[in-house]
Structures are given as structure tokens and as C-alpha cells.
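Participant: Got a predicted model here, sequence first, then my questions.
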Amino acid sequence: MTTTRLERTRGTGDTMNTLKLIFKEIGHSRYNFALSLTAVSVGVALFVAFYTTTLASDLETKKIMLDLGQNLRVIPRHTDMGFYYDQGFSDQVMSQDCVDSFVNSSGLVYTHLTATLQGRMDWRGHRVIVTGVLPEVFPQNGRKKDMPTTYAIPPGHACVGYFIAAQNQLKKGDTIELAGRALKVDQTLAKSPHDDRDNIRIFMHLSDAQAILGQPRKINEIKALECLCLVEGPEGDPSLDLEQLARDELATLLPETRVLLSRGISDVRQKQRAMIQKYAAFVTPVLCLTLGLCLAILALLNVHQRRQEIGIMRALGHGTLQISTLLLGKFVVIGLAAATVGFSGGTALAVYVGPAIFPITARAIRPDYGLFQTALIAAVAFSMVSSFIPVMVAISTDPAKTLRSD
Amino acid sequence: MIKIKHVTGTYKKGTAEIKALDDLTLDIAEGEFAAVQGPSGSGKTTLLMILGGMLRPAAGQVTIQDQDIYALSTGRRNRFRAAQIGFVFQMFHLVPYLSVFDNVMLAAVKLDARTRSRAQRLLDEFGLGHRSTHRPEELSTGERQRTAMARALLNDPPLILADEPTGNLDPENAGLVLDHLGEIHKTGRTLVVVTHGHEAERFATQHICLRQGRLA
């Protein structure tokens, strides 16, 4: 035997030959190829469509959440927040004109607006919270008028909290006197399950409270429910903080105030984001596994059909690397083709169908060509990983057994 | 050319291990036309697989042209097989998606113009020149086997191993294939041909009769 013959290896044309073999085999088993391509393309298309519409989805969610509105509490700027959180109202007061400024603002709309003045005082040996309530101001901008959220108490009348009414044996129609001002009890309230402070409140008209507490034309809180800021940020800006916009608008409108946003709405938003993430975390691996399994089965069928081809290639002296390159190469081609088809399909899906789903932020749905590179890498890796085990099983099969079987 | 010393060959069939060759020792000289005969299960195909470097024997040594082929690494054994051994199978084992020409070229050690020219010349010699662009499914069984023979000869190997090359052919084509094998033998190559019957006797210069994995 001559050494030169033994050392001869397949030449530089191997790459071309392998590509030629891959494409000829694809042409031969085109149904298997088409199904494999479909499986990977569907996955790529769904992910591309999902990510292309993510920006629009985020903005849409923000807009929708904003439509639900913020519950704003406007309090005097120099409020001692320790006192506020402890007592439930500000130790400072602000002008009742703030209500008018708020109402007349064109940048803010709301569903409910009310102003209060609260203060503690001793009455008949008990500590009570005098709570003056301005009758609700309904929006002038055409938003629907909801049911009032607080008591509509006319001047000279009062609603008495549960404990105060019980301890003083008050009932509807009684007359009480606070700081020399007589108020007719309109109703005694049931025990509040939410806030113990409500049980020691005496609700009255704002003007009565201002007189009793010696704070004429003063309030210490404005509550605006479902408040919506109409100031638009730049469309498509993912960092747009609509809460901050609302704060900024109020800072201009009411410079001597501090704005508190209701935690409730933030919690809802947080929960919604967490739910979407949880949903994606569940759907993504399930989708990957399902498509991967489909591809693996198709790969298994394909290499099973090709076991004689693998056997004869072994007999002709082709090595494991050459044969695995030939088999896995097909799945690289599938990955590349699926990335192209899936990216095009997913982008088309997002661009044409997305606006119907996200009508407000449709302009934010644009082809993201940066995703193509990611799709290429992910699709090739995905198809190779899915087919790897079937290919390795086929390669490790004893060629003598394959060729002997016939 | 070929030295087989105390070779025991086994293969698995399901969970059972079949002892196909049992301490077999034999020599085949260079240029011989060795006809391997024997009933089914006598170890003929196993012998061919072992000679082809495709089935490592459980025991013993196989030397081809002074090279212990199972002492070679897998990669070197693959290259040795590509350059030194040509295979012809009963079932032809042509790749269905390749043309006749490409099937022959599948064996090429070098993909150069000279090899292509040789592939075309071999096809012409086997009467398949006009079929070079056809797919295997478009060929008759005789043409398929002649394609497989052209493929086996592409790298000009000194050793041809044929496993019942006429087993799937009608008498006319079987005669044609045997005539070709006879022609190949005349070029000085060594042939080991497994046959079920006695059709290769007119060309055989050495008869190897196996029975239960041993020389009968």
C-alpha cells in the first residue's frame, strides 16, 4: 500500500459538493423540507410579530391604563408627610381657588373631583374629625357623569360617623352644635370596615367646616378620581412616563401643591405587567418545545429514510464529520430559510394585522430589521438543536447493519 | 494482499449476539478472483464487512496490503477504504436524489476534472454514458448495478468487494455484470465476490466456502 494513497483526502471542492448534495436532497425530500421549514417559520413569524408589536403593545397598555385614569390626591406643598400618613389629612391648608384652577385646566380631565377640609377637635369629650366636603364637581368636558362617590351634604347638615353617633346616641333629625354652629344630622353612618377614622368623622358641607375650623376659603385636599392627562408625549417613545406627565401638568397648574398618585392603579399596572410576563414565560417554552418536537420528528423521519445513504457513504469512506455536516447542513439551510420566511411573514403580520389590534399606537408598529439577525441565529440554532439527536443517532448506527439489512 | 488471522466476527440481531465468523483464517493473494460461497447465515456478508473495514472483528487480525486495517484510527481507516476498496452491493445502494454521474462521483476522493473525466469514461465503459443525467429510479436493475460498479472503480482501488452483485438481477443482466467483474479482474485487481450460487465459478480463481462461520 502506498502512503500517498492512504493520506489522500477529499479535496477543496468538498464544500461545494456538500452544498450540492444538501440542495439535491432537499429537492428530493421536498415535503419533509416544506414541513420542517413551516414548523420553524411559524415559530420565527410568531416571535417576530410579537416583538415587532411589543412597542405598540406597551404604549397601548400605557394609554389604556391612562384612560382608566389616575386617582390623584392634591395636598398643600409643605405638608408634613408623617402627619399626613398618620392622621390621614394634611396639617397645612391651601386656597379653595385651587379647585377652580384644577377644574378650568384644559390639560386634565377627570370623572370625579372633590375638595375637603379636615381637622381634629374635641366634641362632647370625644376626639372627632371634622370633614368638610365640597359637593362633587363634575367634568365640563363631555366625559360621562358617574354616580357621586361622596356624600352630597348641603350647608347646615351633617353625616355622623358610627362611633360618634353611637356614643352620643344620635339619630337622623337630631341637631348637633360644633363651635357654635348648628348642624342637622341627615344620617348616622354604619360602621366602616375600611377606615376606622370614618367612624369618628362628622361630615358636613365645606363651608361649615371652614367656619368651624376657622379656615375660611381653605381646603387641605383635592381628590380627583380617574384623572386623565391630555398632554401628549412623543409618539413611539418607549420611555414615555405618563404618570410624570400628569405630575408635571399639575406642578404648572398648582405650584403650591404636592400630587400623590393612588397606589392602587400602580399595583394594577404592576400586576398586569407581571401577568403578561408570566404568560410569555409559559407560552414561549411550550411553543419552542412543540415546534422543536415537530422538527425532531421530521428530522427523525428524514434520517431514517436516509439510513442506506448514510451506510453507503460510510462504505465509500466518508467520515463522521462529512456525513454529519451533510445531515445537519440541511437543517442549517432550513434555519436560514425559515428565518427569512418567518421574519417576512411575522413582520407582514405585525404591520398589516397589528394596527387592528393596537389602533391607538399603530404608528409605532414598524419593521424591526435588527430582528432579522436575531431570527437568523435563533432559527439556525433551533433547527440544529432539534435535529441534533436524530442526526447523531443515525450517524452512530453501524453501517454494516444498515447495509446488511437489505 | 489479504490476510485474515483467527478472525471471529459477531453482530447483534435484536438482543441476540450472532457469531457469524468463528476463528477464521485465510489468505487471498493479489489479483485473485475469490468467490465466497455458502448457505444463508454462513458469515459471507460479515466477512465482506470485516474486509471492508466496516465491522470490527471481535477477535483476530485483518491485513490488507500489509496494513492491519483495524489498527488504523477511524479517520485513517475511512481514507484507506475510500482509496483502496471498492464496494458493490446486492441492493446497489445508489443515492436516489443524485444523477447516475453524481452517484459515481460520490465516491470521489478528489473532485477534480480528472476524476470527472474518469467517472464519465467508466459510465461509457459500462454502457451508461447516455444515462449519466438520469436518476436511479429511471434505470433498470442491471443499469443500477453497473452504476454501482462504476462507482466502485472510480478511485481505481486495487480491491473490489462485491456482496451478491447478481442477487437482484435477471440472468441476462447477471451475466453482463459477471462479465464486467471478469473484465475488472483482468486489470489486475483483487476481487472478493460473495455469491449464493455457482454463477461466478467461470471467473473464480479461488473458492472460499463458508459454513457456520468456518471454512467448509
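Facilitator: That came in fine, so what should we check first? Please read these numbers as outputs of a predicted model, since none were measured by experiment. Numbering: from 1, shown residues only, chains lettered A, B, ... in the order given.
Participant: What is the burial count for the closest residue to A:Lys191 other than its chain neighbours?
Facilitator: Take A:Lys191 and drop its neighbours on the chain: the residue closest to it by Cβ to Cβ, 6 or more residues apart in numbering or on different chains is A:Tyr162, 4.4 Å away. C-beta: built from backbone N, CA, C; applies to glycine. A:Tyr162 sits with 17 neighbouring residues when counted by other Cβ atoms under 10 Å in any protein chain shown.
Participant: mind listing what A:Tyr162 touches?
Facilitator: Going by Cβ atoms under 8 Å, 6 or more residues apart in numbering or on different chains, A:Tyr162 touches A:Thr188, A:Leu189, A:Ala190, A:Lys191, A:Ser192, A:Asp198, A:Asn199.
Participant: Give me the lowest-pLDDT entry from the residues you listed.
Facilitator: Among these, A:Ser192 carries the lowest pLDDT, at 77.
Participant: quick one: that one and A:Val103, what's the gap?
Facilitator: Applying Cβ to Cβ, to the nearest Å, the value for A:Ser192 to A:Val103 is 29 Å.
Participant: can you check B:Gln84 too?
Facilitator: From B:Gln84 across to A:Val103, the span is 99 Å (Cβ to Cβ).
Participant: swap in B:Leu106?
Facilitator: Distance from B:Leu106 to A:Val103, counting by Cβ to Cβ: 87 Å.
Participant: Tell me which other helices or strands the longest strand that chain A contains touches.
Facilitator: The residue-count maximum for a strand in chain A (DSSP state E) belongs to strand A:112-123. In terms of contacts (3 or more Cβ pairs under 8 Å, 6 or more residues apart in numbering or on different chains; DSSP states H and E), strand A:112-123 is packed against helix A:97-104, strand A:126-133, helix A:206-213, strand A:218-219, strand A:221-229.
Participant: so how far is it from its chain's centroid?
Facilitator: The chain centroid and the centroid of strand A:112-123 are separated by 37 Å under Cα atoms, centre = their mean, to the nearest Å.
Participant: That one - what's its average pLDDT?
Facilitator: For strand A:112-123, the mean per-residue pLDDT is 89.
Participant: partners of that strand in the sheet?
Facilitator: strand A:126-133 (antiparallel), strand A:221-229 (antiparallel) (DSSP bridges).
Participant: Ranking the ones you listed by mean neighbour count, which comes first?
Facilitator: Most buried of the strands paired with strand A:112-123 by mean neighbour count (mean count of other Cβ atoms under 10 Å in any protein chain shown) is strand A:221-229; its value is a mean of 23.
Participant: which one's the longest helix in the chain?
Facilitator: Just going to use chain A. Determined from DSSP state H, the single longest helix within chain A is helix A:263-305.
Participant: right idea, wrong chain: chain B
Facilitator: For chain B, the helix with the greatest residue count under DSSP H is helix B:171-186.
Participant: Give the other helices and strands that the longest helix of chain A contacts.
Facilitator: Counting contacts by 3+ Cβ pairs under 8 Å, 6+ apart, helix A:263-305 packs against helix A:30-52, helix A:54-68, strand A:70-76, helix A:320-357, helix A:370-396.
Participant: which other helices and strands contact the fourth one?
Facilitator: This means helix A:320-357. helix A:14-28, helix A:30-52, helix A:263-305, helix A:307-315, helix A:370-396.
Participant: Now it: buried residues?
Facilitator: For helix A:320-357, burial by neighbour count (16 or more other Cβ atoms under 10 Å in any protein chain shown) applies to A:322-347, A:349-351, A:354-355.
Participant: hang on, the earlier thing: relative to B:Leu178, tell me which of the helices and strands packed on helix A:263-305 wins on proximity.
Facilitator: helix A:320-357 (32.1 Å; Cβ to Cβ).
Participant: what angle do the closest one and helix A:370-396 make?
Facilitator: Relative orientation of helix A:320-357 and helix A:370-396, computed by axes from the mean of the first three to the mean of the last three Cα atoms, to 10 degrees: 140 degrees.
Participant: Now do helix A:320-357 against helix A:14-28, angle only.
Facilitator: Helix A:320-357 runs at 60 degrees relative to helix A:14-28, counting by the same axes, to 10 degrees.
Participant: Stretch A:365-382: which residues count as buried?
Facilitator: A:Ile365, A:Pro367, A:Asp368, A:Leu371, A:Phe372, A:Thr374, A:Ala375, A:Leu376, A:Ala378, A:Ala379, A:Val380, A:Phe382.
Participant: for those residues, which one is nearest chain B?
Facilitator: Set against chain B, the nearest of these by Cβ to the nearest Cβ is A:Val380 (22.9 Å).
Participant: And that closest one, how close does it get to A:Leu321?
Facilitator: 19 Å.
Participant: Check A:His205 too.
Facilitator: Distance from A:His205 to A:Leu321, by Cβ to Cβ: 90 Å.
Participant: Name the nearest residue to the residue of chain B found nearest chain A, sequence neighbours excluded.
Facilitator: Nearest residue of chain B to chain A: B:Ala82, at 2.5 Å (Cβ to the nearest Cβ). Spatial nearest neighbour of B:Ala82, excluding adjacent residues (Cβ to Cβ, 6+ apart): A:Gly317 at 2.5 Å.
Participant: What helices and strands are in contact with the strand or helix carrying B:Ala152?
Facilitator: Using DSSP states H and E, the element containing B:Ala152 is helix B:141-153. Helix B:141-153 sits against strand B:85-88, helix B:100-105, helix B:113-125, strand B:159-163, helix B:171-186, with contacts defined as 3+ Cβ pairs under 8 Å, 6+ apart.
Participant: Contacts made by the shortest one with the rest, please.
Facilitator: Right, the one you point to is strand B:85-88. Contact with strand B:85-88 is made by A:312, A:315-316, B:51-53, B:64, B:107, B:145, B:148-149, B:151-155, B:157, B:159-163, B:165, as judged by Cβ under 8 Å, 6+ apart.
Participant: what bits of chain A have low per-residue confidence?
Facilitator: For chain A, the stretches with pLDDT under 70 are A:1-16, A:59-70, A:106-111, A:138-151, A:194, A:226-246, A:262-270, A:273, A:360-361, A:404-406.
Participant: before we move on, back to that, can you get me a residue count around the residue of chain B closest to chain A?
Facilitator: When neighbours are counted by other Cβ under 10 Å, B:Ala82 registers 25.
Participant: for B:Glu138, same thing?
Facilitator: When neighbours are counted by other Cβ under 10 Å, B:Glu138 registers 12.
Participant: Please name the residues that touch it.
Facilitator: Applying Cβ under 8 Å, 6+ apart, the residues contacting B:Glu138 are B:Arg131.
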